[in-house]
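Asks: Quick one: sequence plus predicted model below, questions after.
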Amino acid sequence: MQLLRLAGLVLALALLAQAPRAAEETDRVTGLTLEGDWQLVQANCTECHSALLITQNSGDRNVWQSRIVWMEETQGMDELDAEVEERILDYLAEHYGPRQAARRAPLAAHLLPQNPYSDP
C-alpha cells in the first residue's frame with residue numbers, strides 16, 4: 001500500500017513539473033502572456049504573422065534570436081532597433097523559453113505487441 005502511495009506521489013510530481021504555468025494571464029485576442037513587453041511583441045511580431053506562431057513555439061534566447069535573423073535575411077523583415085530587439089528577446093525567452101517534451105518516452109521493443117505484418 002505504501003508503494004502505491006509513493007507511486008501516486010511520484011506521478012503527481014511529474015505531472016506538476018510538466019504542467020504549463022496556468023497562473024499567467026493571457027491576452028484574449030493574441031494569447032500572449034500579459035507581462036513585460038507583450039505589447040511590444042504584439043506590435044512588432046504580429047505585423048506579418050499570427051501570435052499563435054509565437055505561443056506554440058519555444059526556445060532559449062539564442063533560438064529566438066536565430067528566428068529573428070532568419071526573418072530579416074529571408075522573409076523581408078526590416079531590421080529591428082537594437083533596444084527593441086533586446087526587449088522582445090527578453091520577453092520571448094522568459095515566457096516562451098525551452099519546454100520539456102510533452103510526449104512520453106518510447107516503449108522498449110520487448111514491451112511492444114508483435115506486428116502481425118512483419119516477417120516471423
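Replies: Here it is on my side, so go on. Residues are numbered from 1 along each chain as shown.

Asks: For the strand or helix carrying residue 83, buried residues please.
Replies: For residue 83, the host element (DSSP states H and E) is helix 82-95. Within helix 82-95, the residues scored as buried using 16 or more other CB atoms under 10 Å are 85, 87, 88, 89, 91, 92, 93, 95. To be clear about C-beta, it is placed using only N, CA and C from the backbone, and glycine gets the same treatment.

Asks: Against which helices or strands is it packed?
Replies: Under the contact criterion of 3 or more CB pairs under 8 Å, 6 or more residues apart in numbering; DSSP states H and E, helix 82-95 touches helix 38-45, helix 61-74.

Asks: Pick the most deeply packed of those helices.
Replies: Of these, the one with the most neighbours on average (mean count of other CB atoms under 10 Å) is helix 38-45, at a mean of 17.

Asks: Would you mind identifying the next helix or strand past that one?
Replies: Criterion used, DSSP H and E; the element after helix 38-45 is helix 52-55.

Asks: Local confidence estimate at the closest residue to residue 64 other than its chain neighbours?
Replies: The spatially closest residue to residue 64, leaving aside those adjacent along the chain, is residue 92, at 4.4 Å (CB to CB, 6 or more residues apart in numbering). Here the pLDDT value assigned to residue 92 is 97.

Asks: Residue 92 against residue 54, yeah?
Replies: Yes: using CB atoms under 8 Å, residue 92 is in contact with residue 54, at 7.2 Å.

Asks: So, low pLDDT: which residues of the chain?
Replies: Judged by pLDDT under 70, the chain has its weakly predicted residues at 1-23, 102, 120.

Asks: The same query, at a cut-off of 90, please.
Replies: For the chain, the stretches with pLDDT under 90 are 1-24, 99-120.

Asks: Just give me the residue closest to the centre of it.
Replies: residue 58 (3.2 Å; CA atoms, centre = their mean).

Asks: can you pull the contacts of residue 84?
Replies: By CB atoms under 8 Å, 6 or more residues apart in numbering, the contact list for residue 84 reads 40, 44.

Asks: If we use 10 Å, what do you get?
Replies: Residues counted as contacts of residue 84 (CB atoms under 10 Å, 6 or more residues apart in numbering) are 37, 40, 41, 43, 44.
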